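**Q** curious how this folds, go ahead:
(one chain, ligands or ions: 1)
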Amino acid sequence: MQIYFEEKTGTFHLTNSFYSYIIKILPNQQLGQLYFGKPVRHKESFDYLLEMASRSMSPCVFEGNGFFSLEQVKQEFPSYGTGDYRHPAVRIQQSNGSAITEFAYTGYEITSGKPALEGLPATYCEDDKEAMTLHVFLKDQLTGVKAELLYTVFEAVPALARSVRYTNEGEQAVLLDTAMSMNLDLPDSDYEFVQFSGAWARERFEHVNHLRPGIQSVESLRGHSSHHHNPFIILKRPDAGEQTGEALGFSLVYSGNFLAQAEVDNWGVTRVSMGINPYNFSWQLKSGDSFQTPEAVVVYSDRGLNHMSQSFHKLYAKRLARGVWRDKARPILINNWEATYFDFTEDKLVGIASQAKDLGVEMFVLDDGWFGQRVNDKAGLGDWVANPDRLANGITGLAERIDQMGMLFGLWFEPEMVNKDSDLYRAHPDWAIQTPGRNMTHGRNQYVLDFSRKEVVDYIYDAMAAILGNAKVSYVKWDMNRSITEAFSAVLPAEQQGEVMHRYILGLYDLYERLTQAFPHVLFESCASGGARFDPGLLYYAPQAWTSDCTDAVQRLKIQHGSSFCYPISSMGAHVSMSPNHQLFRSTPLKTRGNVACFGTFGYEMDLQLLSDEEKQEVVEQIKFMKEYRELLQFGTFYRLLSPFEGNFTSWMVVSEDKKTAIVGYYKVLNEVNGPFTRVFLAGLDPELDYQINGSAVQGGDELMNIGLITTDSSAGECKDKNLQSCDFDSRLYVLKAK
Ligand code: GLA
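**A** I've put the predicted structure just below:
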C-alpha cells in the first residue's frame, strides 16, 4: 500500500496490491479523476489520461482555451453551475442566493492508519500499519468553506474508504444542501448496474440492468435505509460473473436517507455518486461549524463478484463491526415472537425456553410485549418498564430464571418509537415527530420519537440502561417498525428543518454508542420490521441484524443470497420457524429450514414443544452441527455458487482459512421427475488436497472445482424407493474435510 504525490504534475496515486486510484490537481485547481482499476506502476505523470477535446457548445473555464471544460473532464469533487451539468458532489446556498462554488486545491496530508469520523460509524484500523489516509484540502475562497476529502487505502483489502469534512472558515453562514460522500467519474459506461431492492419480507433481491444514458439510482427518503433499496450498488462488466471479471462495489456506511446513483453522460462517462440523499436535506454551516459526511466504501475486484463480496465481508466483519462479539461464534437462540406473538405469560415463556435448553439452544430472547401496557401493537411503546401483570418479578426476575436454567437471556426493545397510548406520550406529546398544524401519520399505530433532540435520547438511554443494568441481559434486539413522516423538529429554527432526518440518525448513533460502551458484554442485533435497516452503519454498533421478517426457507434463499453481496454471514440473523410458514404459508422440510438458517447466526423462532419426538431429535442434530461448524459458517470465506435469481437451484459454500474444511449448501426449490444429472462447480478449495465428502467419498479439490461435485438426487430417473425420494424444497449440506 502506498500513496504517492508528484509535486510537479499534481498527481496523487493511491495503490495497494489490488488497485490503483489516480487523481490530479486540474489546471483550475479543482480535483480531477484519472484512473481507478487494476494496479499500475507509479510514475510522475499520467496526464495523458486527462483526455480533453474541443466540443461544440461546451462551456470552458479559461478564455481563449476551448479544451478545458468541466463537463468534459473527469472529476473527484464536482459542483454545478460552472460548466458541469451533471449532478454535483456539493451544493452550497449562500446569503445572496447563489449556489456557485469553486473548490480549489490548497494542500494535502498523508497520515498512517485511519481517522475516526466524529459521531458517525466508519471502518477502522487496529494498527496504523493496516491503512494509509490521504487528506486533500480544497477551499471555496468566496464563501471560505473548506472541504477535506479523505481517502483511506487498506493494505489487506481492495477497499477505498471516502468521506468529506466541511468547515466554514468564512464569516457568513451558508446552507450545505448537497454533501455526497463520494464522486467517481469512470471513463466508459459498459457496466451493469446491480441493485438490491424489494419490500417488507422480500428484502434485497438482486436486479441487474445495463447502464444507459441518463441517471440510474436507488435511494431512500424514509428516514432509514429501508426494505426498498439498500445503500449498496455494484457496477460490473457484462461478462463478469461470480468467479471472474471486473466489479466495483459501492457501499454507504449510513442508516438514513441515502442516494446511490450512476449518471451516464452523453460521451459515455459514468459518474457514480453516493451519500446522504440531497432531497429534503440541508445543513446550516455557521462560521466555524463543521460537517462530516458519512463514509462510502468502494471495493475493486478483477476476480468477479465473489471476490468483491469476500472483500466487503472481511472489512465489515473485522473492521466495521466492533466489540467482544465481533469475533465470537454467535449463540444459538430461541425467540418467542412467532411462538407466542403478544400472547404469553412468564410460565409460558419459561416453558418454551426450557424445552429449547433441553435440545441444546443457548439463549432465550423475549420479543415484543413485555413492557408498559403492551398487550397488542396499539399501546405501550415508550414505556420501558416490565408489565407486572405478565412478569411479576420484572425483567430481572425472568432473566434470573433463565440464567438459573443455564441459558443466556436476550430482550427486545424498540427505542425510537412511542404509542399515543403510553405514559411517555401522555407526558411528552411534543417528543413525537410532527409538523405543527398537520396530521400525524401513523405506522403500525406508532409514532417516531424526535431523536434529533438530545433530551429525548437521554431519556431513552436512562430507561434502557435501567433495565440492562439491573438484569442479566446478554443480547438486545433493537427494532424499528415504521418510516418517518411529517419530519420536523419542535426545537429547530426554520432554516434548520432540513437537518432533521440526519440529526435523527446522529441521535440514533449516539444512543447506540452510549449503550454499547456502557454494556460491552451485550450482543446487539439490529432489526427494522425485519431488514429495513440492514446497512453498514448499524453493523458498527450491532454485529448482526435480523435479515427479514420472512422466515420461509425458500424466500430466505433469495433474501440471504442478495444480502451476501455486501454483508458477511456473521451479520445475518437467520432462524428456523414453523411450517407452514407464518408469512408465506408454505410448508418446507425442517431439514431445509435448518440448512438455510445455518448460513447465518442461527436460532429458532417457534415453540419447540410443539414438535414431534422425531422432529425434536432433528433439532438436536441441527444444533450439534451448528455448534461444531458455526465458526466456519459465520467467519469462513463465503462463495455463491448457484443463484436463486437464476434458476431452481441455489448453492452456497464456506471454506476455512487453511482450506482444509468446507461446507456446501445445496437447495432445490421445485422437485423434478425423470430429471437430469446435476453437479456444482465448487470454489476456493486447495486443488492439491483430497477431500472426504460427508465422511465417505474422497475427491480432489481440483476435481471438485473443475469437474464439479455430483449433486444428482433421486429425481434423476425413476425412483421407486419411498425413503429415497426427493421432494419440493429439498436441500443438502456437504461437509468436506481434507484427508
Ligand atoms: C418486527 C420485527 C419482528 C418482531 C416484531 C415485534 O416486525 O421484525 O421480528 O420483533 O417487530 O413486534
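
**Q** excluding its backbone neighbours, what's nearest Leu248?
**A** Leu235 (4.7 Å; C-beta to C-beta, 6 or more residues apart in numbering). Just so you know, the C-beta spots here come from the backbone N, C-alpha and C atoms, and that holds for glycine as well.

**Q** does that neighbour lie in a helix or a strand, and which?
**A** In this structure, Leu235 sits in strand 229-236 according to DSSP states H and E.

**Q** report the angle between the axes of the next helix or strand after that strand and strand 229-236?
**A** Elements were assigned by DSSP H and E; along the chain past strand 229-236, the next helix or strand is strand 247-253. When axes from the mean of the first three to the mean of the last three C-alpha atoms, to 10 degrees is applied, the directions of strand 247-253 and strand 229-236 differ by 160 degrees.

**Q** next structured bit after strand 247-253?
**A** Using DSSP H and E, the helix or strand that follows strand 247-253 in sequence is strand 258-264.

**Q** and Gln216, how far is that from Thr270?
**A** According to C-beta to C-beta, to the nearest Å, Gln216 stands 10 Å off from Thr270.

**Q** the more surrounded of the two?
**A** Thr270 (22 against 17; other C-beta atoms under 10 Å).

**Q** and that one, what is it in contact with?
**A** Residues near Thr270 by C-beta atoms under 8 Å, 6 or more residues apart in numbering: Asp185, Leu186, Asp188, Ser189, Tyr191, Leu211, Leu235, Ala262, Glu263, Val264.

**Q** also Ile569?
**A** Ile569 makes contact with His313, Phe599, Gly600, Leu633, Gln634, Phe635, Gly636, Phe638, Val654, according to C-beta under 8 Å, 6+ apart.

**Q** how about Asn209?
**A** Glu192, Phe193, Gln216.

**Q** surely the first one meets Glu206?
**A** No - at 10.9 Å, Glu192 and Glu206 do not qualify as touching, with contact defined as C-beta atoms under 8 Å.

**Q** follow-up on the earlier one: make TSV out of the contacts of Ile569 and add neighbour count, distance to Thr244 and pLDDT.
**A** Listed next are those as TSV, based on neighbours: other C-beta atoms under 10 Å; distance: C-beta to C-beta, whole Å; pLDDT from 0 to 100:
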residue	neighbour count	distance to Thr244	pLDDT
His313	23	19	98
Phe599	24	23	98
Gly600	24	27	98
Leu633	25	26	98
Gln634	26	27	98
Phe635	22	25	98
Gly636	22	21	98
Phe638	21	17	98
Val654	23	20	98
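
**Q** of these, list those near the ligand.
**A** Applying C-beta under 6 Å from any ligand atom to those, one finds that nothing falls near the ligand.

**Q** now, which of those residues lie within strands?
**A** Here DSSP state E is the test, and the contacts of Ile569 give Phe638, Val654 as lying in strands.

**Q** and which of the contacts of Ile569 is nearest to the ligand?
**A** Distance to the ligand, by C-beta to the nearest ligand atom, is smallest for Gly600 among the contacts of Ile569, at 14.2 Å.

**Q** name the residues contacting each of Gln216 and Thr270.
**A** Overlap between the contact sets of Gln216 and Thr270, as judged by C-beta under 8 Å, 6+ apart, is given by Ala262, Glu263, Val264.

**Q** secondary structure element holding Ser273?
**A** With elements delineated by DSSP H and E, Ser273 resides in strand 270-276, which encompasses its position.

**Q** returning to that earlier point: who's more crowded, Glu192 and Glu206?
**A** Neighbour totals were compared for Glu192 and Glu206, and Glu206 leads with 20 against 17 (other C-beta under 10 Å).

**Q** please identify the helix or strand for the more buried one.
**A** Using DSSP H and E, Glu206 maps to strand 202-210.

**Q** partner strands of that strand, parallel or antiparallel?
**A** Using DSSP bridges, strand 202-210 pairs in its sheet with strand 192-199 (antiparallel).

**Q** buried residues, the partner strand. List them.
**A** By neighbour count with 16 or more other C-beta atoms under 10 Å, strand 192-199 contains the buried residues Glu192, Phe193, Val194, Gln195, Phe196, Ser197, Gly198.

**Q** check the first one and give its pLDDT.
**A** Predicted confidence (pLDDT) for Glu192: 98.

**Q** for the ligand, what's its nearest residue on this protein.
**A** Nearest residue of the chain to the ligand: Asp368, at 3.5 Å (C-beta to the nearest ligand atom).

**Q** who touches that residue in this structure?
**A** With contacts taken as C-beta under 8 Å, 6+ apart, Asp368 has the following neighbours: Trp337, Phe342, Arg374, Asp377, Trp412, Glu414, Asp479.

**Q** what's the neighbour count on the second one?
**A** Around Phe342 sit 14 other residues, with neighbours defined as other C-beta under 10 Å.

**Q** go on, the last one?
**A** Applying other C-beta under 10 Å, we find 23 other residues in the vicinity of Asp479.

**Q** with Phe488 instead?
**A** Applying the criterion other C-beta under 10 Å, we find 15 residues in the vicinity of Phe488.

**Q** please apply the same query to Ala329.
**A** Residues lying near Ala329 (other C-beta under 10 Å) number 18.

**Q** excluding sequence neighbours, find me the nearest residue to it.
**A** Nearest in space to Ala329, with sequence neighbours left out and distances taken as C-beta to C-beta, 6+ apart, is Arg630 at 4.4 Å.

**Q** does the one you found touch Gly603 like I think?
**A** No - applying C-beta under 8 Å, one finds Arg630 not in contact with Gly603, separated by 11.3 Å.

**Q** so those two - more neighbours on which side?
**A** For Arg630 and Gly603, the more surrounded residue by other C-beta under 10 Å is Gly603, and the numbers stand at 27 against 21.

**Q** return the set of buried residues in stretch 613-622.
**A** Going by neighbour count (16+ other C-beta under 10 Å), the buried part of stretch 613-622 is Lys616, Glu618, Val619, Gln622.

**Q** format those as a markdown table; extra columns: pLDDT, secondary structure and distance to the ligand.
**A** Formatted as a markdown table, the buried residues of stretch 613-622 follow (pLDDT from 0 to 100; DSSP: H, G, I helix; E, B strand; the rest coil; distance: C-beta to the nearest ligand atom, whole Å):
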| residue | pLDDT | secondary structure | distance to the ligand |
| --- | --- | --- | --- |
| Lys616 | 98 | helix | 24 |
| Glu618 | 98 | helix | 24 |
| Val619 | 98 | helix | 20 |
| Gln622 | 98 | helix | 21 |
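
**Q** from those residues, pick the one nearest Tyr19.
**A** The nearest member of the buried residues of stretch 613-622 to Tyr19, counting by C-beta to C-beta, is Gln622 at 41.4 Å.

**Q** gap between that closest one and Gln692?
**A** From Gln622 over to Gln692 the distance is 22 Å, taken as C-beta to C-beta.

**Q** ok, now Leu468?
**A** In this structure, Leu468 and Gln692 are 46 Å apart, going by C-beta to C-beta.

**Q** more neighbours: which of the two?
**A** Neighbours per residue (other C-beta under 10 Å) separate Leu468 from Gln692, with Leu468 holding more: 20 against 14.

**Q** find the nearest non-adjacent residue to that one, please.
**A** Closest residue to Leu468 apart from its sequence neighbours, by C-beta to C-beta, 6+ apart: Phe519 at 5.0 Å.

**Q** much appreciated, bye for now.
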